[in-house]
Every structure is written in C-alpha cells, then in structure tokens.
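Peer 1: Take this sequence and fold it.
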Amino acid sequence: MRLDFTAQQPPEAAVLISVEGTVELLRANSTNWTSANTGAKLDVGDQLRTGRAAVPRLRLSNLSVLRVGELMSYEIEPPHTAAGKPTLNLKSGSAYFFSRDRPQEVQIRTPTVTGAIRGTEFNVLVGPEGRTTVR
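Peer 2: From the prediction side, this is the model:
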C-alpha cells in the first residue's frame with residue numbers, strides 16, 4: 001500500500017470545541033440545518049447559528065478562539081484578500097475573539113462593516129439594522 005501525502009485536504013476553517021445550548025450548522029450547498037456537536041469541522045461556505053442561552057466556542061484556522069453569543073448567525077466566506085484568510089460574515093448577535101499566543105488578524109464582515117481586526121482579544125456585536133460595535 002502506498003500513501004500519497006501530496007494531495008492533502010486544506011485545513012478546516014474552524015472546529016467547534018464546545019457546545020452549550022442549541023447550536024445549528026448549515027453546510028455549504030445544503031438547505032437543511034442540523035444540530036452541531038463538539039468536534040464538528042466547519043469549512044468555507046458553512047453557516048452556524050445559535051439559539052437563546054447558547055454559548056459555543058470555535059477554534060479558528062489561525063488558532064484563535066471565538067466564543068459565540070446567543071442568537072448569533074454567521075457564515076465562513078472564502079478569502080477576500082491575497083493573504084488567504086477566510087472571512088467571518090457576522091450577520092447578527094455577538095462574538096468574543098481571544099488568542100493567547102500573539103495577536104491574530106481576523107477578517108470580518110457585518111451588514112455595515114468590512115475589515116480585519118488584529119489583537120489578542122476583542123468583542124464584535126451586530127445589532128438591529130446591522131449596527132456594528134467592536135471593542
């Protein structure tokens with residue numbers, strides 16, 4: 001048996017590392033939301049949404065951790081820059097980003113903001129009508 005290591009799959013964009021409450025996943029090219037469990041791998045095009053009192057955590061491909069708030073909805077979009085980093089399209093709710101090692105750049109998009117945030121920790125809130133606050 002011969003193993004071919006040259007055709008490796010690209011790493012996932014995120015991994016669900018904990019789930020509390022209702023968390024649902026919509027895979028790219030699918031129309032059915034399914035329950036998301038710890039260990040689920042999310043790829044570009046996948047969407048995640050949370051119910052009331054849900055607090056899931058994801059590890060992004062850059063190893064930073066994203067703690068998602070209740071009633072959050074977001075999609076992992078393909079990279080929009082030559083840097084090749086996926087973009088998180090935050091549609092509603094709040095998310096807290098944290099990186100222990102060195103500041104990590106995270107590409108985000110909301111209904112009113114597009115950009116990259118570089119820091120060890122920050123919070124993004126997408127409110128009614130897309131109003132976005134970054135702290």
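
Peer 1: how many other residues sit next to Glu20?
Peer 2: For Glu20, the neighbour count with other C-beta atoms under 10 Å is 13. Just so you know, the C-beta spots here come from the backbone N, C-alpha and C atoms, and that holds for glycine as well.

Peer 1: which residue packs closest to it, ignoring adjacent ones?
Peer 2: What sits nearest to Glu20 in space, not counting adjacent residues and going by C-beta to C-beta, 6 or more residues apart in numbering, is Val55, at 4.5 Å.

Peer 1: This protein: helices as residue ranges?
Peer 2: In the chain, no helices are found when defined by DSSP state H.

Peer 1: in this structure, what spans have low per-residue confidence?
Peer 2: Along the chain, the model assigns pLDDT under 70 to residues 1-11, 80-86, 100-104, 119.

Peer 1: Please repeat the previous calculation with a cut-off of 90.
Peer 2: Applying pLDDT under 90 to the chain flags residues 1-14, 44, 53, 55, 59-72, 74-88, 94-109, 113-124, 127-130, 133-135.

Peer 1: other SSEs contacting the lengthiest strand in the chain?
Peer 2: For the chain, the strand with the greatest residue count under DSSP state E is strand 87-98. Judged by 3 or more C-beta pairs under 8 Å, 6 or more residues apart in numbering; DSSP states H and E, strand 87-98 is in contact with strand 65-68, strand 73-77, strand 104-109, strand 121-126.

Peer 1: Including distance to Gly93 and mean neighbour count, could these go into TSV?
Peer 2: TSV is the format used below for the helices and strands packed on strand 87-98 (distance: least, C-beta to C-beta, whole Å; neighbours: other C-beta atoms under 10 Å):
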stretch	distance to Gly93	mean neighbour count
strand 65-68	7	20
strand 73-77	6	20
strand 104-109	13	19
strand 121-126	6	18
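
Peer 1: Rebuild these as JSON lines, extending it with distance to Leu16.
Peer 2: Shown next, in JSON lines, are these (distance: least, C-beta to C-beta, whole Å):
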{"stretch": "strand 65-68", "distance to Leu16": "10"}
{"stretch": "strand 73-77", "distance to Leu16": "12"}
{"stretch": "strand 104-109", "distance to Leu16": "17"}
{"stretch": "strand 121-126", "distance to Leu16": "19"}
